[in-house]
Structures are given as structure tokens and as C-alpha cells.
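Chemist: quick one, what's the 3D model for this:
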Amino acid sequence: MDFPNSALIIIDVQNDFCPGGALAVERGDEIIGPLNRLAALFAASGGRVIATQDWHPQGHASFAIWPEHCVQGSRGADFHSALDLKPVNLILRKGFRKGLDSYSAFFENDKKTSTGLDGCLKTLSIGTVVLGGLATDYCVLASALDAAELGYRTIVLSDAIRGVNIPDNSVEKALKTMEEAGVIFATAEEIK
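Modeler: Numbering: from 1, shown residues only. You can find the predicted model right below:
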């Protein structure tokens with residue numbers, strides 16, 4: 001793989017989405033090892049490493065649907081302590097507009113308001129994005145679909161994603177939707 005033209009995007013590996021958190025994804029912390037190994041490889045080989053962070057204000061619109069989570073400055077919003085941030089070139093905070101949620105790393109949920117990530121990647125001549133993180137059926141799904149639609153070669157790490165599976169079968173549906181959109185699935189080992 002051509003790492004200088006690639007970016008690893010680590011999605012929302014935060015305390016509130018890991019076991020014990022306010023919106024915990026079952027076994028969500030199991031993805032950290034593969035992500036850390038791949039982030040180190042990307043950094044050593046000239047690739048970019050980006051981490052997204054849900055960053056909600058008090059009273060955020062998403063709290064009407066989900067439990068209060070990833071409140072700005074809270075322990076729950078912090079990255080999981082096992083996630084190695086040393087290789088990370090950019091931390092992209094999303095979901096900070098009180099009335100607008102943001103699942104995707106590329107756009108707010110209105111599908112119009114850009115996070116700025118696309119412009120950043122294009123400036124760096126990035127053509128391939130590799131995605132891992134939480135949760136498969138929401139933020140990973142939205143990010144992968146947007147990346148594919150924006151023209152990136154989009155790879156999702158099958159061993160470095162976990163889903164909430166609410167409603168039932170949402171993970172299975174998300175995987176199928178990504179596949180139909182042309183997203184490639186690979187393990188962290190296969191990327192290496």
C-alpha cells in the first residue's frame with residue numbers, strides 16, 4: 001500500500017463508547033491494539049493519522065436519542081487511555097454544534113456542513129482512506145459512505161470496528177450498505 005498517499009482515520013475511540021462508558025459499544029476496546037499498530041506503521045511510512053472525537057456541548061440535540069455522552073471536557077469525551085495518540089497528525093472534533101449531530105468525519109448530519117476533513121486530505125494529495133473505530137453502524141458507516149462518495153479509495157478495517165447494533169441487525173445492514181457503496185474490507189494485518 002502507498003502510505004504517503006493514504007490516511008488512517010481512527011473514529012471516536014473515546015471512553016464513553018468503550019466498556020464502562022455512557023454509550024458503550026460491547027468489546028469496543030478490542031479495536032485499540034490493531035489501530036495502534038497500524039497508526040505506528042502509517043506514521044513511520046509517511047502516511048497521515050487522523051483521530052475524530054465526538055465533542056458535544058451540554059444539552060446537545062443527540063441526547064434526545066442517545067444517552068448523554070462525550071460532553072466537551074468530560075472524562076467520557078477523552079480518548080481511551082490505551083489509544084496511542086503519538087502518531088496522530090490531526091484531531092478532528094465533531095458534533096460540537098448544539099442543534100446538529102455529526103456521525104461522519106466528513107460532514108455534519110445535515111450532509112451540507114463540512115468538517116473540513118475533505119479539504120485537508122485533498123491538500124495533502126491523499127487518495128486512500130483507511131477507517132477503523134466506533135461504531136460500525138453509525139460513525140464508521142457515515143464516514144465510509146461519505147469517503148466513497150467523495151472519491152476516496154475507502155478501506156474499512158474489519159478487525160478494528162465494533163457496532164452498537166441498535167436497532168437489531170444494524171451492524172449487518174451497515175456492512176452490506178458499505179459493501180454496496182464500493183467500500184473495501186481488510187484486516188489491519190492485510191494492510192501491513
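Chemist: which stretches in the chain count as strands?
Modeler: Secondary structure of the chain by DSSP state E: the strands cover 6-11, 48-54, 90-94, 128-134, 153-162, 184-186.
Chemist: where in the protein is pLDDT low?
Modeler: For the chain, the stretches with pLDDT under 70 are 1-2.
Chemist: find the nearest non-adjacent residue to Ala39, please.
Modeler: Leaving out its chain neighbours, the residue that sits closest to Ala39 by CB to CB, 6 or more residues apart in numbering is Pro87, at 4.1 Å. Quick note: C-beta positions are derived from backbone N, CA and C, even for glycine.
Chemist: let me have the strands of the chain in JSON lines, extended by mean neighbour count and distance to Gly21.
Modeler: Converted to JSON lines, the strands of the chain look like this (neighbours: other CB atoms under 10 Å; distance: least, CB to CB, whole Å):
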{"stretch": "strand 6-11", "mean neighbour count": "28", "distance to Gly21": "15"}
{"stretch": "strand 48-54", "mean neighbour count": "24", "distance to Gly21": "11"}
{"stretch": "strand 90-94", "mean neighbour count": "18", "distance to Gly21": "17"}
{"stretch": "strand 128-134", "mean neighbour count": "27", "distance to Gly21": "10"}
{"stretch": "strand 153-162", "mean neighbour count": "22", "distance to Gly21": "12"}
{"stretch": "strand 184-186", "mean neighbour count": "15", "distance to Gly21": "26"}
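Chemist: could you export the ones you listed as TSV, including distance to Thr177?
Modeler: Putting those into TSV (distance: least, CB to CB, whole Å) gives the following:
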stretch	distance to Thr177
strand 6-11	16
strand 48-54	20
strand 90-94	21
strand 128-134	14
strand 153-162	11
strand 184-186	12
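Chemist: so which of the ones you listed gets nearest Phe17?
Modeler: Checking these against Phe17 by CB to CB gives strand 128-134 as the closest, at 4.4 Å.
Chemist: within the sheet, what are the partner strands of the closest one, with directions?
Modeler: Partner strands for strand 128-134, per DSSP bridges, with pairing direction: strand 6-11 (parallel), strand 153-162 (parallel).
Chemist: including distance to Gly33, could those strands go into TSV?
Modeler: Converted to TSV, the strands paired with strand 128-134 look like this (distance: least, CB to CB, whole Å):
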stretch	distance to Gly33
strand 6-11	12
strand 153-162	9
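Chemist: and of those strands, who's closest to Asp54?
Modeler: Nearest to Asp54 among these is strand 6-11 (9.4 Å), distances taken as CB to CB.
Chemist: what's the angle from that closest one to strand 48-54?
Modeler: 20 degrees (axes from the mean of the first three to the mean of the last three CA atoms, to 10 degrees).
Chemist: pull the CA atoms of strand 6-11 into CSV?
Modeler: Extracted in CSV, the C-alpha atoms of strand 6-11 (Å, rounded to 0.1, in the frame of the first residue of the first chain):
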residue,chain,number,x,y,z
SER,A,6,-3.0,7.3,2.5
ALA,A,7,-4.6,8.4,5.7
LEU,A,8,-5.7,6.2,8.7
ILE,A,9,-8.8,7.7,10.2
ILE,A,10,-9.4,6.5,13.8
ILE,A,11,-13.1,7.2,14.6
